[in-house]
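Engineer: My questions concern the predicted model and sequence given below.
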Amino acid sequence: MSEDVSKIAITAMLVEGIVTYFKEFFVSGIAPWQMILSLVLGIVIAVAYKFDLPKYLKMESQIPYVGCILTGILISRGSNYVYDTLKALNLIN
């Protein structure tokens with residue numbers, strides 16, 4: 001049961017991060033370089049080091065690297081966001 005809750009929570013957090021970026025880039029029409037750089041660096045680092053949080057939660061995708069890309073988006077949101085996510089999933093104390 002708690003594993004299912006963790007999967008739902010991580011999916012919700014990833015969707016929220018993606019929607020935030022889409023809103024900023026496409027709706028507001030403003031693309032701040034800090035957000036773009038953060039997004040690119042987060043994804044590059046996650047792919048380069050094969051960080052895949054959904055896979056860790058046994059949510060393997062049939063599409064290669066999608067878990068790494070989603071994890072990169074999560075990383076790009078910043079350390080507070082990642083810390084809060086991991087704490088909510090009971091992966092850290």
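Structural biologist: In hand now; what should we look at? Numbers count the residues shown, from 1 in each chain.
Engineer: residues making contact with the longest helix belonging to the chain?
Structural biologist: The helix that spans the most residues within the chain, counting by DSSP state H, is helix 2-22. Applying CB atoms under 8 Å, 6 or more residues apart in numbering, the contact partners of helix 2-22 are 35, 39, 53-54, 57-59, 70, 73-74, 76-77, 81, 85, 88-90. Quick note: C-beta positions are derived from backbone N, CA and C, even for glycine.
Engineer: Narrow these to those in helices?
Structural biologist: 35, 39, 53-54, 70, 73-74, 76, 81, 85, 88.
Engineer: Can you flag the buried ones in those residues?
Structural biologist: Buried members of the ones in helices among the contacts of helix 2-22, counted by 16 or more other CB atoms under 10 Å: 35, 39, 53-54, 70, 73-74, 76, 85.
Engineer: measure the spatially most central residue of the chain to Gly29 for me?
Structural biologist: For the chain, Leu74 is the residue whose C-alpha lies nearest the centre (CA atoms, centre = their mean; 2.3 Å). Distance from Leu74 to Gly29, counting by CB to CB, to the nearest Å: 25 Å.
Engineer: Near Ile30, how many other residues are there?
Structural biologist: Neighbourhood size, Ile30 [other CB atoms under 10 Å]: 8.
Engineer: Count the residues that sit near the nearest residue to it once chain neighbours are set aside.
Structural biologist: Distance criterion CB to CB, 6 or more residues apart in numbering; nearest residue to Ile30, sequence neighbours excluded, is Glu24 at 6.8 Å. Neighbour count of Glu24, defined by other CB under 10 Å: 16.
Engineer: Pretty sure Glu24 sits against Trp33.
Structural biologist: No: counting by CB atoms under 8 Å, Glu24 sits too far from Trp33 to count as a contact (11.9 Å).
Engineer: Okay, buried residues for the helix or strand bottoming out on mean pLDDT in the chain please.
Structural biologist: In the chain, the helix or strand scored least confidently by mean pLDDT, DSSP states H and E is helix 79-88, which has a mean of 73. Applying a neighbour-count criterion of 16+ other CB under 10 Å, one finds 82, 85 buried in helix 79-88.
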